[in-house]
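> I need the structure of the sequence given here:
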Amino acid sequence: MSKIAELEPRVVWEQFQTLCEIPRPSKHEEQLRDYLKGWAELRGLETVVDAVGNLIVRKPASPGYENRVGVVLQGHLDMVCQANSGTEHDFFKDPICPVLKDGWLVAENTTLGADNGIGVAMGLAVLASDDVPHGPVEVLMTLDEEAGMGGALGLESGLLQGKMLINIDTEEWGEFYMGCAGGIDVNVSRAYVVEPVPAGYVGASLVVKGLKGGHSGADIHLGRGNANKILLRLLRELEAMTDLRLSSLKGGTARNALSREAFAEVCWPSADADKVAAKLDAFQNLLRFELAGVDEGVIIESAAAEAVTAMAKADQQAILAALHAAPHGVKRMSQRVAGVVETSNNLGVVVIGDGKVFANLMVRSLLDSGTHMLAHEVESLFSLAGFKVEMEGGYPGWAPNPQSPLLALFQSVYAKEFGGKAGVQVIHAGLECGILGAKYPGMDMVSFGPNIRGAHAPGERVEVASVASAWQLLKAVLAAVPAV
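Modelled structure (predicted):
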């Protein structure tokens, strides 16, 4: 861990090391939040913890910069907690232990938390530095971003003093973001009848694994496999060739991550064992062909298991049909911003067992009307199959403003510091800017960050050189912020 703090710029990496050492799952950020509050107060900085637990730290302007426009540096404290199966890691107790490989800091078997730890670390570095000229600065560290944007949604209007907001939560160095998708969670649930497994049936555990996973917004267009959808497809195909009976199913662990693994306990007539085995081999080969160049490492495994009870046949047909039919992936590409996904859905979590079914589907869209349209299509589908449907955690998108003065400032400073022209994008992933913009109308906002790859999946990594570049740019932008 000490090697992290030895990277350059040290003032940033020292802060990131702290974030790796203190656990910070969504909805459990209190330990880190309280540590950072005490850290800031020891430096004589003003701190505010709002009603929902967000932390704001204020630092006065550097001498000679008192008349500059106030700037809010914003990031979220929580991280997505994902680990490869077989990896023993308690995200509530254990530190993240990354390694340096070929210029990238990598968490090999867990998520790294560079999303959004690097952004928070840069904000803290501004607070810790004595040689970074700036006007009045607030660092806003929100909670619960990854599990529903709860911190941003609960932030009070009128609490922030700055007029410009820099969100440091995107993952492509040299690109500035001026808009993002909104979204909503659609949770579906249903009870089913449990009955004994018929005589003469053999049980098995089915596993789908080996997929890359990734961010359900930023990576949704890449065509990677979703373990939930693959397993449901397999079960439906097995239903067509044998009297398949389902005992349980569990797939995915996060609403905003592409499901990498899914598991089912099933049974079928022992007389069909050979043709089922042949089907599983053929299905794996087919998937590797379909996902060639994208996710060809997919694995379908089967092992003998005891099966005592199963879902009643009528319930099974309705439930599996609805889940299999549930939309996943890109629904529509934007007609306004070329090459950007407009609307999508992720079947992130499915849990079946003990007479109950639960699934979470996360709908995103650049258009709030698109979010509502697809969410209600999902609602209609599952209602037909007797599911209870609940929508929660809705948040607005961030409408692009190509005439943003802050965006123009970023572009000008980037050209001076690095030469050339930075890109400008709208991202399909959810950022807190849409929510914050609704609470603070007129707040000028830009999002940027270093190169991060594999966010929301084990193996997440951040490029060390791009962190140095992002820090250089942030310092230069703060120094160039205009007078009020």
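> Show the end-to-end separation of stretch 21-32, please.
9 Å (CA to CA, to the nearest Å).
> Check which residues of that stretch are buried.
For stretch 21-32, a neighbour-count test (16 or more other CB atoms under 10 Å) marks I22, P23, R24, P25, S26, H28, E29, L32 as buried. From N, CA and C alone the C-beta is placed, and that goes for glycine too.
> Am I right that the first one is in contact with L32?
Yes. Counting by CB atoms under 8 Å, I22 does reach L32; the two are 4.5 Å apart.
> Can you give me the distance of L436 to E392?
For L436, the distance to E392 (CB to CB, to the nearest Å) stands at 20 Å.
> that's a strand at V202, yeah?
Yes. Applying DSSP: H, G, I helix; E, B strand; the rest coil, one finds V202 inside a strand.
> OK, contacts around it?
C267, W268, P269, S270, A273, A304, A307 (CB atoms under 8 Å, 6 or more residues apart in numbering).
> circling back to that earlier point, find the pair from the buried residues of stretch 21-32 with maximum spatial separation.
Farthest apart among the buried residues of stretch 21-32 by CB to CB are I22 and S26. That separation is 14.3 Å.
> Which positions are bridged to the nearest residue to R453 once chain neighbours are set aside in the beta structure?
Leaving aside its sequence neighbours, R453 sits nearest to R461 (CB to CB, 6 or more residues apart in numbering; 5.4 Å). Beta bridges link R461 to V106, R453, judged by DSSP bridges.
> R461 against L105, yeah?
Yes. Taking contacts as CB under 8 Å, R461 lies within contact range of L105: 6.3 Å.
> Now list whatever residues contact both of the two.
Jointly contacting R461 and L105 under the rule CB under 8 Å, 6+ apart are L112, A114.
> Just the strands from the stretch 1-150 of the chain, written as ranges.
46-49, 55-59, 71-76, 99-101, 104-106, 137-142 (DSSP state E, counting those that start in this stretch).
> domains of the protein?
Following automatic domain parsing, one finds the domains of the chain at 4-170+431-480, 185-395.
> Turn these into JSON lines, including distance to S404.
Rendered in JSON lines, the data for the domains of the chain read as follows (distance: least, CB to CB, whole Å):
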{"stretch": "domain 4-170+431-480", "distance to S404": "6"}
{"stretch": "domain 185-395", "distance to S404": "15"}
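> want to try CSV for those, with mean pLDDT and distance to M178 as columns?
As requested, these are exported to CSV (pLDDT from 0 to 100; distance: least, CB to CB, whole Å):
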stretch, mean pLDDT, distance to M178
domain 4-170+431-480, 96, 7
domain 185-395, 96, 10
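> and of the ones you listed, who's closest to G420?
Of these, nearest to G420 by CB to CB is domain 4-170+431-480, at 12.4 Å.
> how about the helices of this structure, start to end?
With helices called from DSSP state H, the chain shows them at 10-21, 30-42, 114-128, 150-154, 227-239, 273-290, 313-325, 368-384, 405-418, 433-439, 464-480.
> which of the residues in the second one are buried?
Of the residues in helix 30-42, L32, R33, L36, K37, W39, A40 count as buried by neighbour count, 16+ other CB under 10 Å.
> Then stretch 151-168?
Buried, per 16+ other CB under 10 Å, within stretch 151-168: 151-155, 160, 162-168.
> And stretch 74-87, by the same measure?
Those would be Q74, G75, H76, L77, D78, M79, V80, C81, Q82, A83, N84, for stretch 74-87 by 16+ other CB under 10 Å.
> Show the contacting residues for the residue nearest to the spatial centre of the chain.
For the chain, the residue nearest the mean C-alpha position is N256 (4.4 Å; CA atoms, centre = their mean). N256 sits next to V80, E146, H215, S216, G217, N346, G348, M362, G430, H456 when contact means CB under 8 Å, 6+ apart.
> Out of those, name the ones that lie in strands.
Among the contacts of N256, the ones falling in strands (DSSP state E) are N346, G348, M362, G430.
> Against V389, how distant is the residue nearest to L238 when sequence neighbours are not counted?
Excluding the flanking residues, the one nearest L238 by CB to CB, 6+ apart is L244, at 4.5 Å. L244 sits 26 Å away from V389, going by CB to CB.
> out of these two, which sits in the busier spot?
More neighbours surround L244 than the other of L244 and V389, with 24 against 18 (other CB atoms under 10 Å).
> Quickly note the distance from that one to V202.
For L244 relative to V202 (CB to CB), the value is 12 Å.
> ditto for S365
Remark: distance between S365 and V202 (CB to CB) = 45 Å.
> With V194 as the reference, name the closest of the helices of the chain.
Once the helices of the chain are compared by CB to CB, helix 313-325 is nearest, at 9.0 Å.
> And for the closest one, what's in contact with it?
Contact with helix 313-325 is made by 190, 192-193, 228-229, 232-233, 235-236, 239, 245-246, 310-311, 347, 350, 352, 357, 359, 381-382, 384-387, as judged by CB under 8 Å, 6+ apart.
> PyMOL command for the buried members of those residues?
Of those, the buried ones go into a single PyMOL selection, burial set by 16+ other CB under 10 Å:
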select buried, resi 190+192+228+229+232+233+235+236+239+245+246+310+311+347+350+352+357+359+381+382+385+387
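> Just the buried residues from the contacts of V202, in PyMOL please.
Listed next is the PyMOL selection for buried residues among the contacts of V202, using 16+ other CB under 10 Å:
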select buried, resi 267+268+269+307
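> want to throw the contacts of V202 into JSON lines with distance to L320?
Below are these laid out as JSON lines (distance: CB to CB, whole Å):
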{"residue": "C267", "distance to L320": "15"}
{"residue": "W268", "distance to L320": "14"}
{"residue": "P269", "distance to L320": "18"}
{"residue": "S270", "distance to L320": "22"}
{"residue": "A273", "distance to L320": "21"}
{"residue": "A304", "distance to L320": "22"}
{"residue": "A307", "distance to L320": "17"}
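> farthest pair in the contacts of V202?
Maximum pairwise distance among those (CB to CB): 14.8 Å, between P269 and A304.
> Do me a favour and get the end-to-end distance for stretch 333-348?
One end of stretch 333-348 to the other measures 21 Å (CA to CA).
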